[in-house]
Each structure stands twice: as structure tokens, then as C-alpha cells.
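> this one's structure only:
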């Protein structure tokens, strides 16, 4: 069982930056691929970023890859999402997820966090 707790969300002006953190419980963090998703009001949950268990492989969609960076610290059992040049359309609840592989975490994660709100004002 893995428990995920996101933090770092908040209100930021367009063009600003935020770093989200996701702290994971459990000794098996290093064996999980990790990911971030977001869900804006009235929209479906959207994949934002994934990182392999070792951190060697990172996957981000074209819509954010020039502005978002995913990283992890296995010693701290934490995964991060650094976001720069934020836009109002980035406003959403951001969720952390864990899966047994990068493909798994992108499609059907095994575990989800509760989410953290990011609001970008224009």
C-alpha cells in the first residue's frame, strides 16, 4: 500500500512558477513509477507527467513539456512537479499517482493522492 500526499499548490499570477511535491509513504517508493495528472472544472482528468522508478525516463505531453519538469528523490520518497510560465489554463486540481511501470502510471495508476489546487490568475 502506498499513500500519496500532495502539497505546494496555491494561487499564482500568469507567468509565475510553482513546485508541487508528493510525499509517499512506504518502503517501496523506489520501485514505483510516479506521475502527475490534473483535472480542471468540467473536464476529464489529464495526464501531465510521468517518471520511471529510477528517474531515468521522463514523459510529458507536448502541451506542458517546455514548461513542466518532473523529478523524484527516492531517498526522500518524494516526487516533484516544477511548473514555470504558468497560464490560466493550467488551473486545475493536480493529482499525484503511482504505478508499477511508466506505462501503468500513465494509464491506470495503482494509487492516487487527494490532489492539490493550482489556480493561475490572468
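Arrived safely, thanks for sending. All values derive from a computational prediction rather than experimental measurement.
> which residues touch the residue nearest the centre of the chain?
The residue lying closest to the centre of the chain (C-alpha atoms, centre = their mean) is residue 36, at 2.5 Å. Residue 36 makes contacts with 20, 22, 48-50, 70, 79, 81, 94-97, as judged by C-beta atoms under 8 Å, 6 or more residues apart in numbering. Backbone N, C-alpha and C define where each C-beta goes, glycine included.
> hey, where'd the helices end up in the protein?
102-107 (DSSP state H).
> re the thing from before, looking at the contacts of residue 36, spot the one nearest residue 31.
If you rank the contacts of residue 36 by distance to residue 31 using C-beta to C-beta, residue 79 comes first, at 13.4 Å.
> Name the residues that touch stretch 4-22?
23-25, 34, 36, 78-88, 94-98, 111-122.
> Between the two ends of it, how far is it?
With C-alpha to C-alpha, to the nearest Å applied, stretch 4-22 spans 6 Å between its terminal residues.
> switch to numbering from 406
Okay, residue one is now 406; in that scheme the one you just asked about reads as stretch 409-427.
> How far does that stretch sit from its chain's centre?
Mean C-alpha position of stretch 409-427 versus that of the full chain (C-alpha atoms, centre = their mean, to the nearest Å) differs by 10 Å.
> Compute the mean per-residue pLDDT across it, please.
Per-residue pLDDT over stretch 409-427 has a mean of 98.
> So which bits of it are buried?
Neighbour-count burial for stretch 409-427, counted by 16 or more other C-beta atoms under 10 Å, picks out 409, 411, 413-414, 417, 423, 425-427.
> As CSV, these with distance to residue 467 would be great.
Formatted as CSV, the buried residues of stretch 409-427 follow (distance: C-beta to C-beta, whole Å):
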residue, distance to residue 467
409, 26
411, 24
413, 24
414, 23
417, 22
423, 20
425, 20
426, 25
427, 23
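> now, among the residues you listed, which is nearest to residue 512?
Looking across the buried residues of stretch 409-427 and measuring by C-beta to C-beta, the closest to residue 512 is residue 409, at 17.2 Å.
> Okay, that closest one and residue 518: tell me how far apart.
Computed as C-beta to C-beta, to the nearest Å, the residue 409 to residue 518 distance reads 4 Å.
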